[in-house]
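Asker: Below is the structure, and that's it, no one-letter string:
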């Protein structure tokens, strides 16, 4: 099987101690910061209805260093920053699709 089609999943723990499983999509750098995009991991039996759910969609997290030691993934509070990074991820996604289609 071609490894390029295998998904990478990570499990994060939120500030309330809840575990969230995410499927890794891509990483980009913008303005000296690193951002990662994910989709929520959806059980196969729920996949057909997931797109209709408001909780299903791209999740973008920013990589930040805690005093230069440990890296954390944090949400982006600045709406303009989030929209800009989202657009960059979408451009990257469509570029990849165009390259695959050629």
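Answerer: Now that the structure is in, tell me what you want to look at. Since the structure is predicted, the reported quantities are computational estimates derived from the model, not experimental observations.
Asker: which strands and helices sit next to the lengthiest helix in the chain?
Answerer: In the chain, assigned by DSSP state H, the helix with the most residues is helix 79-101. In terms of contacts (3 or more C-beta pairs under 8 Å, 6 or more residues apart in numbering; DSSP states H and E), helix 79-101 is packed against strand 19-30, strand 33-40, strand 59-66. Any C-beta I mention is one placed from the backbone N, CA and C, and that applies to glycine too.
Asker: between the ones you listed, which one is nearest to residue 75?
Answerer: Of all the helices and strands packed on helix 79-101, it is strand 59-66 that lies closest to residue 75, at 6.4 Å by C-beta to C-beta.
Asker: Next secondary structure after that closest one?
Answerer: Following strand 59-66 in sequence order, the next helix or strand is strand 70-74 (DSSP states H and E).
Asker: In three-state terms, label residue 56 for me.
Answerer: When classified by DSSP: H, G, I helix; E, B strand; the rest coil, residue 56 comes out as coil.
Asker: Looking at it now. What's its pLDDT?
Answerer: Per-residue pLDDT puts residue 56 at 73.
Asker: before we move on, what about residue 47?
Answerer: Note for residue 47: predicted pLDDT of 60.
Asker: Any idea how far stretch 82-98 is from the middle of the chain?
Answerer: Taking C-alpha atoms, centre = their mean, to the nearest Å, one finds the center of stretch 82-98 at 12 Å from the center of the full chain.
Asker: By mean pLDDT, flag the weakest helix or strand of the protein.
Answerer: When each helix and strand of the chain is scored by mean pLDDT, DSSP states H and E, helix 47-50 comes last, with a mean of 61.
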